[in-house]
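1. okay, predicted coordinates and the sequence, questions at the end:
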Amino acid sequence: MTQRQITFRLTFLLFILSFGASAQVHTIQNKESITDIARNYNMTPFELMTLNPHLRNGINPGEVIRISKAVAKGVTLYDTYKVGRKETLFGIGQKLGISVEDIKKHNPILYSKELNTRQILLIPVQYPDQTELKTSQALTYTVKPKDTKWRVAYLHGMTLPELEKLNPDLGETLDIGQVLKVSNPEVKQSGKDFDGYELYTVKPKETLYSLTKALDVSEKELSQLNPELENGLKAGMILKIPAKTSKSVNVNPQEFVELTNRSFSGDEIKLAVMLPFGLKELQADTLLNFKRRFKTDRNLDVTTDFYSGVLIAIDSAKTLGIKIDANAFDTENSETKVSQIIRSNQLDRADAIIGPLYQKNFERAGELLKDSHVKMFSPLTNREIRLYQNCFQSLPTQEVLETGMLNFMKSKHRNENIIVVADRKFRGVTTRVKALFPEAVLLVSDTTGIVSQSLIVTALSVDKPNWVVVVSENVTLLTTLIPKLSQLSDTYKINLMTTDRNKFFEGDEVSSRQLARLSFQFPSVEKPLDMSLSNPFINQYVKAYGVIPSKYAVRGFDLTFDVIMRIATAKDNQRKFDESLPTEYLENRFSYDKKGSGGYLNKSFYILKYDGYNLIEAKE
């Protein structure tokens, strides 16, 4: 964990310490709720709890809390940069126009550790050493007929964010005669040369290769139309492309329900969040010991990240006009504490409970509330758990992912040659593959975990495409087999697949280049998320907390927002709560199926594949 991440989590839990004595305060009265206090001061509960993080564990009459809307000084907005192979800090600095020292300043871990391939760096949007374009020095451009923001930016060799930064009040459309500030004279062709062409804004992580595939245009033609590509591709760059060639890489044909387009009930939603915050230990710890715990205690790491996403989801739902009375409780990772919380706070009257986090605590809460109408959502457990009739397992199990991948293969199979390599632990997968594809060839590794190249070559077909299904946790097998398959892909058409993309597929020993050459496909609970500030959620999160959200923060947002929206739309006109509705948010999908006589299991997921170096959703 980086120093910046530790600082974020400490700040999140101890935010109240960062404000001076001048902050306004409020004394909690009897029977006042967080919602009541926030409403009285024209705040949202999210803002109030950001100022007073301890309120997550309940409020106490007579307690003095802060209600100032002041924000911490020195908040910096960041974009992200993924370190490529053999890149150096000096090279990255030259590429992004930032000094090595400033990169280290905003990524303190670099003072003590070497730069790693695929490491994500925080790059300040406005660099300290960058020469700012003064407003008085800015050039101007008068909008002409048919001009758009993208066209103006393109004509002046600017990215769209650069144009919007110079013109903060810029709307989606331009008015003829409108005067805009620009950073360069007109450096591209005039508007009359746009006939038969359109403009495309480069997204983060896109490469020339992925663009040629997505836009159905050759690299040579792209470079001829955009000579500035000689200096490299960067996010936000506006490219001129042949008209009607742009196509989306979102290839999943399934229709998802947009719940925000439905009407909401005016009734207040009572939401409880039960997580192991460890506040009791926090009160007893010294600040130094607490920092040490953050470095080693995964519980604190996951919990604070997940809950930060929960808070943004609640705040986002409130902006839609949904009334929410949300309360958070510290389970202390204790079944006894869980029982005490439920009985002392009448949680059987809540509309929904998110948590507890861990299986034993969730099952205990489910047992106590099984006869109530409250809907309980397990947030992060993918193991088989006991689900009472009112319980929802929001994370698909490995069995769901495995079945989904095999069904996907069956739907796509034509005459492909199928080869299976699996550990003994995954014999069940081998049996299921053979049942679906009786002609599949099974390869067995030797005692060292290596599959000989002669066996591989013998099994591969020259005349047919080859699907190689690898299900293994053997590092030796993966780090020897995948490079071999990558080399052989020059001669044979090979697609690599798995039903379980575990951590061993993501280590340094297996390169993304090799996986890309093999068009690696696998099932996944979440899809890749655009981590740039152009993503509204990322922008809001960085503004609130000063760090890039982890997958747990995104999960906290997606799950909480989905729960709130399902309840809000169901309450309207007394609709039935429809657990089967397919929904999709930032990284996650939800669609629940009833599990026998018990509760509900989320069976919605993704099949992802490498397209060049990008991960996209595979066609069904």
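-> Cool, got the structure.
2. please pull out the lowest mean pLDDT helix or strand from the protein.
-> helix 287-296 (a mean of 50; mean pLDDT, DSSP states H and E).
3. after it, next one along is what?
-> helix 298-319 (DSSP states H and E).
4. low-confidence bits of the stretch 101-250 of the chain, can you list those?
-> 125-138, 146, 172, 184-196, 204-205, 213-214, 231, 243-250 (pLDDT under 70).
5. mind checking how far the residue nearest to Val462 when sequence neighbours are not counted is from Val457?
-> In space, and not counting its chain neighbours, Val462 is closest to Tyr492: 6.5 Å by CB to CB, 6 or more residues apart in numbering. C-betas here are computed from N, CA, C, even on glycine. Per CB to CB, to the nearest Å, Tyr492 is found 9 Å from Val457.
6. tell me which of the two has more neighbours.
-> Tyr492 (18 against 13; other CB atoms under 10 Å).
7. residues in contact with that one?
-> Leu460, Ser461, Val462, Asn466 (CB atoms under 8 Å, 6 or more residues apart in numbering).
8. and it, what's its pLDDT?
-> In this model, Tyr492 is scored at 94, pLDDT.
9. over to it: give its phi and psi.
-> The phi and psi values for Tyr492, taken as degrees, to the nearest 10, are phi -110, psi 150.
10. Leu460 versus that one, what's the distance?
-> Taken as CB to CB, the span from Tyr492 to Leu460 is 5 Å.
11. overlap in contacts, those two.
-> What both Tyr492 and Leu460 touch, as defined by CB under 8 Å, 6+ apart, is the set Asn466.
12. show me what stretch 577-585 is in contact with.
-> 254-257, 259, 375, 392, 557-558, 561-562, 565-567, 570, 589-594, 600, 604.
13. that stretch: which residues count as buried?
-> Glu579, Leu581, Thr583, Glu584, Tyr585 (16 or more other CB atoms under 10 Å).
14. export the residues you listed as JSON lines, with columns for distance to Ser524 and pLDDT.
-> As requested, these are exported to JSON lines (distance: CB to CB, whole Å; pLDDT from 0 to 100):
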{"residue": "Glu579", "distance to Ser524": "22", "pLDDT": "84"}
{"residue": "Leu581", "distance to Ser524": "21", "pLDDT": "88"}
{"residue": "Thr583", "distance to Ser524": "17", "pLDDT": "93"}
{"residue": "Glu584", "distance to Ser524": "13", "pLDDT": "93"}
{"residue": "Tyr585", "distance to Ser524": "15", "pLDDT": "93"}
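15. quick check, nearest of those residues to Gln359?
-> Taking CB to CB as the measure, Glu579 is the one of the buried residues of stretch 577-585 closest to Gln359, at 20.7 Å.
16. from Ile567, how far out is that closest one?
-> Glu579 is 11 Å from Ile567, by CB to CB.
17. now do Leu110
-> 45 Å.
18. which one's more surrounded, the two?
-> Neighbours were counted for Leu110 and for Ile567 using other CB under 10 Å; Ile567 has more, 22 against 18.
19. hmm, that one is touching Ile269, no?
-> Yes - contact criterion CB atoms under 8 Å: Ile567 and Ile269 qualify, at 5.4 Å.
20. what's the overlap in contacts for those two?
-> Joint contacts of Ile567 and Ile269 (CB under 8 Å, 6+ apart) are Asp351, Ala352.
21. residues near Gly93, how many?
-> 18.
22. which non-adjacent residue is nearest it?
-> Val100 is the one closest to Gly93 (CB to CB, 6+ apart), at 5.1 Å.
23. likewise Glu335?
-> Arg364 (4.5 Å).
24. any idea which element the one you found lies in?
-> helix 359-368.
25. now swap in Gln389 and tell me
-> For Gln389, there is no helix or strand it lies in under DSSP H and E.
26. what does the residue nearest to it when sequence neighbours are not counted show for phi and psi?
-> Sequence neighbours aside, Gly599 is the residue nearest to Gln389 in space, at 5.9 Å (criterion: CB to CB, 6+ apart). Here is the backbone geometry of Gly599 (degrees, to the nearest 10): phi -90, psi -150.
27. hang on, Gly599 packs against Asn390?
-> Yes - Gly599 is within contact range of Asn390, at 6.7 Å (criterion: CB under 8 Å).
28. list residues touching both of the two?
-> Gly366.
29. of these two, which one has the most company?
-> In this view Gly599 and Asn390 are compared by other CB under 10 Å, and Gly599 has more residues nearby, 24 against 19.
30. so who does the closest residue to Asn614 other than its chain neighbours touch?
-> If the residues on either side of it in the chain are set aside, Asn614 comes closest to Ser210, at 4.7 Å by CB to CB, 6+ apart. Ser210 sits next to Asp611, Gly612, Tyr613, Asn614 when contact means CB under 8 Å, 6+ apart.
31. likewise for Leu271?
-> 314, 324-327, 350-354, 560, 563-564.
32. could you rerun that using 7 Å?
-> For Leu271, the contact set (CB atoms under 7 Å, 6 or more residues apart in numbering) comprises Ile324, Ala326, Ala350, Asp351, Ala352, Ile564.
33. also Gln453?
-> By CB under 7 Å, 6+ apart, the contact set of Gln453 is Lys484.
34. retrieve the pLDDT associated with it.
-> Looking at Gln453, the pLDDT reads 81.
35. what does Asn52 give?
-> We have a pLDDT of 69 for Asn52.
36. how far away from the center of its chain is stretch 215-235?
-> Remark: stretch 215-235 is offset 29 Å from the chain centroid, using CA atoms, centre = their mean, to the nearest Å.
37. that one: end-to-end distance?
-> 16 Å (CA to CA, to the nearest Å).
38. what do you get for stretch 147-163?
-> Start-to-end, stretch 147-163 (CA to CA) is 14 Å.
39. tell me the buried residues in that stretch?
-> 147, 149-163.
40. strands of the stretch 351-500 of the chain, residue ranges please.
-> Using DSSP state E, counting those that start in this stretch, the strands of the stretch 351-500 of the chain run over 352-354, 375-378, 391-393, 417-422, 441-443, 466-471, 494-497.
41. of the contacts of Leu271, just the buried ones, PyMOL syntax please.
-> Of the contacts of Leu271, the buried ones go into a single PyMOL selection, burial set by 16+ other CB under 10 Å:
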select buried, resi 324+326+350+351+352+564
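42. list just the nearest of the contacts of Leu271 to Asn226.
-> Ile564 (43.9 Å).
43. okay, the closest residue to the closest one other than its chain neighbours: pLDDT?
-> Computed as CB to CB, 6+ apart, the closest residue to Ile564 that is not its neighbour in sequence is Ala317, at 4.6 Å. The score at Ala317 is 90. That number is its pLDDT.
44. distance of the nearest residue to Tyr388 once chain neighbours are set aside relative to Pro582?
-> Distance criterion CB to CB, 6+ apart; nearest residue to Tyr388, sequence neighbours excluded, is Lys370 at 4.0 Å. Separation of Lys370 from Pro582 (CB to CB): 27 Å.
45. out of the strands of the stretch 351-500 of the chain, nearest to Gln94?
-> Between Gln94 and the strands of the stretch 351-500 of the chain, the tightest spacing by CB to CB is seen for strand 494-497, at 35.6 Å.
46. which residues are in contact with the closest one?
-> 409, 465-470, 485, 488, 515, 518-522.
47. can you turn the buried part of these into a PyMOL selection?
-> Buried residues among the contacts of strand 494-497 (16+ other CB under 10 Å), as a PyMOL selection:
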select buried, resi 409+466+467+468+469+470+485+488+515+518+519+520+521+522
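48. give the buried residues for stretch 541-559.
-> Buried-residue list, stretch 541-559, by 16+ other CB under 10 Å: 541-542, 544-559.
49. quick one: terminal-to-terminal distance for it?
-> 16 Å.
50. Val374: neighbour count?
-> Neighbours of Val374 using other CB under 10 Å come to 19.
51. which ones are touching it?
-> Val374 sits in contact with Leu347, Asp348, Ala350, Asp351, Ala352, Ile353, Asn390, where contact means CB under 7 Å, 6+ apart.
52. the closest residue to Ala568 other than its chain neighbours: which element?
-> Once flanking residues are discounted, Ala568 sits nearest to Phe264: 4.4 Å by CB to CB, 6+ apart. Using DSSP H and E, Phe264 sits within no helix or strand.
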